[in-house]
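Enquirer: whatever this is, show me its structure:
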Amino acid sequence: MAEALQASAISHIALCVRNLERSLQFYRVMLGFQVTKDEAQDTSRGGLPYLYASHHTQRRVVHLRYGDTQSVPFLVLTEHPGDTVSGTPIMLDQVGISHVSFTVPNVEEVTGRLLASGAQTCGPADAFRDAKGHIRTVFFRDPDGILVQFDEGGAG
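Expert: Numbers count the residues shown, from 1 in each chain. Next comes the predicted model:
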(Lines give C-alpha, C1' and ligand atoms only; values in the text may rest on other atoms or scores of the structure.)
Protein backbone atom coordinates (compact mmCIF):
# COMPACT_ATOMS: atom_id res chain seq x y z
CA MET A 1 0.00 0.00 0.00
CA ALA A 2 1.30 3.45 -0.92
CA GLU A 3 2.25 5.88 1.79
CA ALA A 4 -0.41 8.57 2.35
CA LEU A 5 0.17 11.89 0.63
CA GLN A 6 1.06 14.58 3.14
CA ALA A 7 -1.12 17.32 1.63
CA SER A 8 -2.26 19.98 4.08
CA ALA A 9 -4.96 21.62 1.93
CA ILE A 10 -6.29 22.11 -1.57
CA SER A 11 -4.32 25.13 -2.79
CA HIS A 12 -6.56 26.35 -5.60
CA ILE A 13 -9.35 25.53 -8.03
CA ALA A 14 -8.83 26.67 -11.61
CA LEU A 15 -11.62 27.47 -14.06
CA CYS A 16 -11.12 28.19 -17.75
CA VAL A 17 -13.58 30.88 -18.83
CA ARG A 18 -14.59 32.34 -22.18
CA ASN A 19 -14.80 35.98 -21.08
CA LEU A 20 -12.77 36.95 -18.03
CA GLU A 21 -14.42 40.33 -17.49
CA ARG A 22 -17.87 38.70 -17.47
CA SER A 23 -16.64 36.07 -15.00
CA LEU A 24 -15.06 38.71 -12.79
CA GLN A 25 -18.42 40.48 -12.66
CA PHE A 26 -19.88 37.28 -11.17
CA TYR A 27 -17.07 36.21 -8.82
CA ARG A 28 -15.80 39.62 -7.74
CA VAL A 29 -18.84 41.87 -7.89
CA MET A 30 -21.69 39.43 -7.11
CA LEU A 31 -19.82 37.10 -4.72
CA GLY A 32 -17.31 39.53 -3.20
CA PHE A 33 -14.03 37.80 -4.10
CA GLN A 34 -10.89 39.93 -4.19
CA VAL A 35 -8.38 39.89 -7.03
CA THR A 36 -4.92 39.15 -5.60
CA LYS A 37 -3.09 38.50 -8.88
CA ASP A 38 -3.79 39.40 -12.52
CA GLU A 39 -1.14 38.55 -15.09
CA ALA A 40 -0.54 37.52 -18.68
CA GLN A 41 1.47 34.35 -19.23
CA ASP A 42 3.29 32.95 -22.27
CA THR A 43 1.85 29.47 -22.83
CA SER A 44 4.12 28.52 -25.73
CA ARG A 45 7.11 27.47 -23.60
CA GLY A 46 7.97 25.26 -20.67
CA GLY A 47 5.43 22.69 -19.53
CA LEU A 48 2.30 24.65 -20.40
CA PRO A 49 2.02 23.55 -24.08
CA TYR A 50 1.55 19.97 -22.82
CA LEU A 51 -1.50 20.92 -20.74
CA TYR A 52 -3.73 22.13 -23.58
CA ALA A 53 -6.04 20.37 -26.02
CA SER A 54 -5.37 23.17 -28.56
CA HIS A 55 -2.42 25.49 -29.17
CA HIS A 56 -2.49 28.80 -27.28
CA THR A 57 0.29 31.37 -27.12
CA GLN A 58 -0.92 33.27 -24.08
CA ARG A 59 -3.37 33.28 -21.23
CA ARG A 60 -4.56 35.76 -18.66
CA VAL A 61 -4.66 34.37 -15.14
CA VAL A 62 -6.51 35.99 -12.24
CA HIS A 63 -6.31 34.73 -8.65
CA LEU A 64 -9.37 35.39 -6.51
CA ARG A 65 -9.66 35.03 -2.74
CA TYR A 66 -12.51 35.59 -0.33
CA GLY A 67 -12.44 37.24 3.08
CA ASP A 68 -8.88 37.06 4.34
CA THR A 69 -6.53 37.55 1.41
CA GLN A 70 -4.69 34.34 2.42
CA SER A 71 -7.81 32.14 2.08
CA VAL A 72 -7.21 28.58 0.89
CA PRO A 73 -8.28 27.26 -1.47
CA PHE A 74 -8.42 30.21 -3.83
CA LEU A 75 -9.91 30.45 -7.32
CA VAL A 76 -7.89 30.86 -10.49
CA LEU A 77 -9.73 32.10 -13.57
CA THR A 78 -7.97 31.62 -16.90
CA GLU A 79 -8.83 33.22 -20.22
CA HIS A 80 -7.06 32.83 -23.55
CA PRO A 81 -7.42 36.30 -25.14
CA GLY A 82 -8.28 36.15 -28.83
CA ASP A 83 -8.60 32.36 -28.81
CA THR A 84 -11.72 30.23 -28.79
CA VAL A 85 -11.87 27.66 -26.01
CA SER A 86 -13.78 24.42 -26.40
CA GLY A 87 -16.00 22.43 -24.10
CA THR A 88 -19.19 22.74 -22.16
CA PRO A 89 -19.77 22.68 -18.41
CA ILE A 90 -20.64 19.28 -17.01
CA MET A 91 -23.40 18.12 -14.68
CA LEU A 92 -23.16 16.04 -11.50
CA ASP A 93 -23.39 12.72 -13.36
CA GLN A 94 -20.49 13.35 -15.76
CA VAL A 95 -16.80 12.59 -15.30
CA GLY A 96 -14.73 15.56 -14.18
CA ILE A 97 -14.98 18.26 -11.58
CA SER A 98 -18.71 18.92 -11.64
CA HIS A 99 -18.98 22.00 -9.44
CA VAL A 100 -17.39 24.39 -6.97
CA SER A 101 -19.06 24.76 -3.57
CA PHE A 102 -18.81 27.47 -0.93
CA THR A 103 -19.98 27.46 2.68
CA VAL A 104 -21.86 30.63 3.56
CA PRO A 105 -23.62 31.77 6.75
CA ASN A 106 -27.04 32.23 5.13
CA VAL A 107 -27.98 30.54 1.85
CA GLU A 108 -31.38 32.30 1.68
CA GLU A 109 -29.64 35.70 1.75
CA VAL A 110 -27.09 34.67 -0.90
CA THR A 111 -29.88 33.23 -3.06
CA GLY A 112 -31.92 36.44 -2.86
CA ARG A 113 -28.92 38.63 -3.58
CA LEU A 114 -27.79 36.57 -6.58
CA LEU A 115 -31.30 36.34 -8.04
CA ALA A 116 -31.68 40.12 -7.68
CA SER A 117 -28.36 40.54 -9.53
CA GLY A 118 -29.59 38.40 -12.43
CA ALA A 119 -27.63 35.22 -11.67
CA GLN A 120 -29.12 31.99 -13.02
CA THR A 121 -30.04 29.14 -10.69
CA CYS A 122 -29.76 25.54 -11.80
CA GLY A 123 -33.47 24.85 -11.45
CA PRO A 124 -35.94 27.04 -9.58
CA ALA A 125 -34.62 28.33 -6.23
CA ASP A 126 -37.75 26.97 -4.51
CA ALA A 127 -36.78 23.45 -5.63
CA PHE A 128 -33.95 23.59 -3.08
CA ARG A 129 -36.23 24.23 -0.08
CA ASP A 130 -36.06 21.57 2.64
CA ALA A 131 -39.03 20.04 4.52
CA LYS A 132 -39.15 23.11 6.81
CA GLY A 133 -39.21 25.53 3.86
CA HIS A 134 -35.61 26.75 4.17
CA ILE A 135 -32.99 26.89 1.46
CA ARG A 136 -29.83 25.41 3.00
CA THR A 137 -28.12 24.53 -0.28
CA VAL A 138 -28.55 25.96 -3.76
CA PHE A 139 -26.86 25.69 -7.14
CA PHE A 140 -26.29 28.61 -9.49
CA ARG A 141 -24.49 28.77 -12.82
CA ASP A 142 -21.60 31.14 -13.39
CA PRO A 143 -21.44 33.05 -16.71
CA ASP A 144 -19.95 30.00 -18.46
CA GLY A 145 -22.56 27.64 -17.04
CA ILE A 146 -20.25 26.09 -14.42
CA LEU A 147 -22.20 24.85 -11.40
CA VAL A 148 -21.54 26.88 -8.24
CA GLN A 149 -23.09 25.55 -5.03
CA PHE A 150 -23.69 27.39 -1.76
CA ASP A 151 -24.13 25.44 1.49
CA GLU A 152 -25.21 26.85 4.81
CA GLY A 153 -23.01 26.40 7.86
CA GLY A 154 -19.92 24.28 8.24
CA ALA A 155 -21.24 20.71 8.04
CA GLY A 156 -19.39 18.68 5.45
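
Enquirer: quick one: low-confidence parts of this protein?
Expert: In the predicted model, the chain carries pLDDT under 70 at residues 69, 154-156.

Enquirer: now do the helices in it.
Expert: 20-24, 107-116 (DSSP state H).

Enquirer: roughly how far out does the shortest one sit from the chain middle?
Expert: Taking the mean C-alpha point of helix 20-24 and that of its whole chain, the gap between them comes to 12 Å (Cα atoms, centre = their mean, to the nearest Å).

Enquirer: doesn't residue 80 make contact with residue 19?
Expert: No: with contact defined as Cβ atoms under 8 Å, residue 19 does not count as touching residue 80 (10.9 Å). From N, CA and C alone the C-beta is placed, and that goes for glycine too.

Enquirer: okay, which residue is most central for this protein?
Expert: Taking Cα atoms, centre = their mean, the centroid of the chain lies closest to residue 100, which sits 5.3 Å from it.

Enquirer: contacting residues for it?
Expert: 13, 15, 75, 146, 147, 148, 149 (Cβ atoms under 8 Å, 6 or more residues apart in numbering).

Enquirer: how many neighbouring residues does the third one have?
Expert: Put plainly, it is residue 75. 20 (other Cβ atoms under 10 Å).

Enquirer: hey, what's it bridged with?
Expert: residue 13, residue 64 (DSSP bridges).

Enquirer: pretty sure it contacts residue 15?
Expert: Yes: if you go by Cβ under 8 Å, residue 75 and residue 15 touch, sitting 6.8 Å apart.

Enquirer: show me where this structure has strands.
Expert: Assigned by DSSP state E, the chain shows strands spanning 12-16, 34-42, 58-65, 74-79, 99-104, 120-121, 137-141, 147-152.

Enquirer: for the longest one, which strands pair with it and how are they oriented?
Expert: To tie it back to what came earlier, the one meant is strand 34-42. Checking strand 34-42 against DSSP bridges gives partners strand 58-65 (antiparallel).

Enquirer: now do the strand it pairs with and strand 74-79, the angle between them.
Expert: 160 degrees (axes from the mean of the first three to the mean of the last three Cα atoms, to 10 degrees).
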